[in-house]
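> coordinates only, sequence not included:
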Ligand code: SAH
């Protein structure tokens with residue numbers, strides 16, 4: 001991963017100006033990311049939210065102070081170490097590792113928590129919800145992609161927006177649904193400075209999916225249900241994978257593959273621990 005510098009493959013306004021299907025959520029951002037802005041010392045976007053003031057983000061309107069530049073270097077080194085750990089744990093797809101290396105996880109946390117961003121642990125994001133541990137984020141994306149660059153991907157449970165940002169580097173178009181309005185807003189605030197053009201956030205009940213955009217080439221659930229909602233199985237393209245935690249107190253990751261119009265197969269992966277999947281919106 002030595003050469004995986006923040007290098008953004010996203011074409012300018014790649015998906016912002018195009019025709020959208022009716023009901024398709026509006027894109028939230030345009031290209032470039034906070035990391036690149038920080039690395040190049042470019043001006044911080046005026047709309048940058050509180051997350052953009054976390055350590056490592058360099059609002060360089062007046063030039064990046066040396067201390068902040070060394071913070072940035074330290075953050076990148078710590079993130080590379082995280083990726084090395086994830087690779088050692090068995091995630092080998094270079095596009096997934098690179099995405100994990102690009103996205104500044106610390107910018108998705110409250111400044112007081114950002115020091116723990118690169119520890120392999122799930123972390124609180126408010127509203128009794130948590131951001132999944134980095135290994136699990138990478139593992140789920142790896143199992144969903146199975147070595148392919150995907151076209152259209154759906155995430156259920158945007159939370160703080162971290163996993164959605166990682167997904168935006170492994171898929172052409174990413175849709176992410178959150179049922180808690182305050183978290184949907186938090187994710188928008190966190191993601192805005194990153195200017196990711198191929199990510200669309202939707203406030204709603206993810207158990208219903210996004211039928212107006214389906215079929216999806218991959219679906220990830222970031223919350224655990226007792227089973228996987230039928231609507232989501234129906235919105236999976238044939239040949240595509242859905243990865244979800246399933247269970248209550250005891251949970252396992254499942255990978256479901258749609259093998260035909262009315263046929264799905266399921267594999268049970270490792271034990272995990274996620275917040276519950278709940279119906280409706282709040
Ligand atoms: N991927 C997130 C993880 C957030 S935790 C991140 O990187 O931060 C899981 C999230 O799933 C919570 O925010 C929770 O509110 C949300 N969730 C639970 N049930 C949901 C549903 N039916 N639809 C949409 N989101 C849901």
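Sure, I can see it. Because the structure is predicted, anything quoted here is derived from the model rather than measured.

> which residues sit in contact with residue 152?
Going by C-beta atoms under 8 Å, 6 or more residues apart in numbering, residue 152 touches 171-173, 175, 213, 215-217. From N, CA and C alone the C-beta is placed, and that goes for glycine too.

> Report the buried members of those.
Taking 16 or more other C-beta atoms under 10 Å as the criterion, what is buried in those is 171, 173, 175, 213, 215-217.

> out of those residues, which touch the ligand?
The subset of these within reach of the ligand, by C-beta under 6 Å from any ligand atom, is empty.

> Save the contacts of residue 152 as CSV, and put in pLDDT and distance to residue 272 too.
As requested, these are exported to CSV (pLDDT from 0 to 100; distance: C-beta to C-beta, whole Å):
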residue, pLDDT, distance to residue 272
171, 98, 22
172, 98, 27
173, 98, 26
175, 98, 23
213, 98, 27
215, 98, 26
216, 98, 21
217, 98, 23
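
> Restricted to strands, list those residues.
171-173, 175, 216-217 (DSSP state E).

> rewinding a little: of all the buried ones among the contacts of residue 152, which two lie farthest apart?
171 and 215 (13.6 Å; C-beta to C-beta).

> thinking again about what came up before, any chance of the ones in strands among the contacts of residue 152 in TSV with distance to residue 148 as columns?
Below are the ones in strands among the contacts of residue 152 laid out as TSV (distance: C-beta to C-beta, whole Å):
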residue	distance to residue 148
171	10
172	11
173	14
175	18
216	13
217	8
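
> ok, of those, which one's closest to the ligand?
Set against the ligand, the nearest of the ones in strands among the contacts of residue 152 by C-beta to the nearest ligand atom is residue 175 (11.5 Å).

> partner residues bridging that closest one?
Note on residue 175: beta-bridge partners by DSSP bridges are residue 154, residue 200.

> my read: it touches residue 156, true?
No - Residue 175 lies out of contact with residue 156 (C-beta atoms under 8 Å); the separation is 9.7 Å.

> So which residues on this structure come close to the ligand?
Counting by C-beta under 6 Å from any ligand atom, the chain sits next to the ligand at 125, 129-132, 156-157, 159-160, 162-163, 177-180, 183, 205-207, 222-223, 275, 277-279.

> let's go with 5 Å and repeat that
With C-beta under 5 Å from any ligand atom as the criterion, the chain meets the ligand at residues 129, 131, 157, 159-160, 162-163, 177-180, 183, 205-207, 222-223, 277-278.

> Narrow the residues you listed to those in strands?
129, 131, 177-178.

> Quick one: those as a markdown table, columns for pLDDT and neighbour count too.
Listed next are these as a markdown table, based on pLDDT from 0 to 100; neighbours: other C-beta atoms under 10 Å:
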| residue | pLDDT | neighbour count |
| --- | --- | --- |
| 129 | 97 | 21 |
| 131 | 95 | 22 |
| 177 | 98 | 24 |
| 178 | 98 | 30 |
